[in-house]
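1. following is a predicted model, sequence given first.
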Amino acid sequence: MFEEILVGADGVLEARIHNDLTYSLSFRKGKNVLVEYSSAGAYEFKSVEKLRYDFERDVEEALRQG
């Protein structure tokens, strides 16, 4: 299992990817979840690298719209 929590000036990123490739990624600012991906959602999983890239792109967009 991979787990990462990053706390930054813009918010908190939490990522969990299990060995069976179930995953949850979220980015929140305060109590507001700005972006959330999970294996139970509609995101089409292709690879861990693509998942991370797409998630980070969506976080950047959410912060720009701020």
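-> The structure has been received and is ready for your questions. Residues are numbered from 1 along each chain as shown.
2. so which residue is dead centre in this structure?
-> A centroid search over the chain (C-alpha atoms, centre = their mean) returns Leu25, at 3.1 Å, as the residue closest to the centre.
3. okay, strands next: where are they in this protein?
-> Ranges of strands in the chain, per DSSP state E, are 2-7, 12-17, 23-29, 32-38.
4. ok, which of the ones you listed comes nearest Ala62?
-> Ala62 lies closest, by C-beta to C-beta, to one member of the strands of the chain: strand 32-38, at 4.1 Å. Bear in mind the C-beta positions are built from the backbone N, C-alpha and C, glycine included.
5. can you report how many residues neighbour Val48?
-> Neighbouring residues of Val48 were enumerated by other C-beta atoms under 10 Å; the total is 13.
6. measure it to Asp54 for me?
-> Between Val48 and Asp54 the computed distance is 11 Å (C-beta to C-beta, to the nearest Å).
7. so who does Phe2 touch?
-> Contacts for Phe2 (C-beta atoms under 8 Å, 6 or more residues apart in numbering) come out as 15-17.
8. and if you look at Glu36?
-> Neighbouring residues of Glu36 by C-beta under 8 Å, 6+ apart: 24-27.
9. repeat for Glu4
-> Residues in contact with Glu4 (C-beta under 8 Å, 6+ apart) are 13-16.
10. now, which of these sits nearest Leu63?
-> Distances from Leu63 to the contacts of Glu4, taken by C-beta to C-beta, are shortest for Leu13, at 11.3 Å.
11. who does the closest one bridge with?
-> Beta bridges link Leu13 to Leu6, Phe27, judged by DSSP bridges.
12. and the pLDDT for it?
-> For Leu13, the model assigns a pLDDT of 96.
13. what about Val33, how many residues nearby?
-> 13.
14. wait, doesn't it sit right on Ser26?
-> Yes - with contact defined as C-beta atoms under 8 Å, Val33 counts as touching Ser26 (5.7 Å).
15. shared neighbours, these two?
-> In contact with both Val33 and Ser26: no residue, using C-beta under 8 Å, 6+ apart.
16. got a list of what Asp10 touches?
-> Neighbouring residues of Asp10 by C-beta under 8 Å, 6+ apart: 29, 63.
17. what pLDDT does the model give it?
-> Asp10 is assigned 94 on the pLDDT scale.
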